[in-house]
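> I would like to see how this sequence folds:
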Amino acid sequence: MTVIADNKKRVTLPTKPGERFDLQSFGGDKFILTRLAPVEKAERVRLVKKHGYTVAVGTRKISQAQVRKALDEFP
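As a prediction, the model looks like this:
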């Protein structure tokens with residue numbers, strides 16, 4: 001693929017928004033772009049009231065064993 005720089009020395013690649021690349025420069029005339037793996041977004045957790053208790057609600061379900069492990073590690 002060949003891309004052309006504009007008058008401000010910018011190059012536009014036909015990719016999806018938010019894609020990340022690693023840029024390696026070899027001298028002043030040679031550049032290599034390597035596509036990086038997408039960044040995994042951290043799970044969003046919110047606190048809600050349920051039956052008089054404050055509960056953390058997220059997008060994934062967790063098992064009782066995971067809850068027990070987290071409580072055992074809690075100081």
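> Please enumerate the strands of this protein.
Assigned by DSSP state E, the strands in the chain fall at 21-26, 30-35, 46-50, 53-57.
> Turn those strands into CSV, including distance to R10, mean neighbour count and mean pLDDT.
Using the backbone N, CA and C atoms, a C-beta is placed for each residue, glycine as well. Below are the strands of the chain laid out as CSV (distance: least, Cβ to Cβ, whole Å; neighbours: other Cβ atoms under 10 Å; pLDDT from 0 to 100):
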stretch, distance to R10, mean neighbour count, mean pLDDT
strand 21-26, 13, 9, 90
strand 30-35, 13, 10, 89
strand 46-50, 40, 8, 88
strand 53-57, 43, 9, 87
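> Need the ones you listed in JSON lines (columns: distance to A70).
Output for the strands of the chain, formatted as JSON lines (distance: least, Cβ to Cβ, whole Å):
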{"stretch": "strand 21-26", "distance to A70": "35"}
{"stretch": "strand 30-35", "distance to A70": "35"}
{"stretch": "strand 46-50", "distance to A70": "16"}
{"stretch": "strand 53-57", "distance to A70": "11"}
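> need the contact list for the closest residue to L33 other than its chain neighbours.
Leaving aside its sequence neighbours, L33 sits nearest to F21 (Cβ to Cβ, 6 or more residues apart in numbering; 4.6 Å). Applying Cβ atoms under 8 Å, 6 or more residues apart in numbering to F21 gives the contacts L13, L33, T34, R35, L36.
> Can I get stretch 21-40 in PDB, CA atoms only?
The C-alpha trace of stretch 21-40 is given here as PDB (Å, rounded to 0.1, in the frame of the first residue of the first chain):
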ATOM      1  CA  PHE A  21       0.500   1.300  15.700                       C
ATOM      2  CA  ASP A  22       4.100   1.000  16.700                       C
ATOM      3  CA  LEU A  23       6.400   3.200  14.600                       C
ATOM      4  CA  GLN A  24      10.000   2.200  14.000                       C
ATOM      5  CA  SER A  25      12.300   4.700  12.200                       C
ATOM      6  CA  PHE A  26      15.300   3.400  10.300                       C
ATOM      7  CA  GLY A  27      17.300   6.500   9.400                       C
ATOM      8  CA  GLY A  28      15.300   9.400   8.000                       C
ATOM      9  CA  ASP A  29      13.700   7.700   5.000                       C
ATOM     10  CA  LYS A  30      12.400   4.400   6.200                       C
ATOM     11  CA  PHE A  31       9.500   3.800   8.600                       C
ATOM     12  CA  ILE A  32       7.800   0.600   9.700                       C
ATOM     13  CA  LEU A  33       4.300   0.600  11.200                       C
ATOM     14  CA  THR A  34       3.200  -2.500  13.100                       C
ATOM     15  CA  ARG A  35      -0.400  -2.800  14.200                       C
ATOM     16  CA  LEU A  36      -0.700  -3.300  18.000                       C
ATOM     17  CA  ALA A  37      -3.300  -5.500  19.700                       C
ATOM     18  CA  PRO A  38      -6.400  -3.600  20.800                       C
ATOM     19  CA  VAL A  39      -6.400  -2.400  24.400                       C
ATOM     20  CA  GLU A  40      -8.900  -4.200  26.600                       C
END
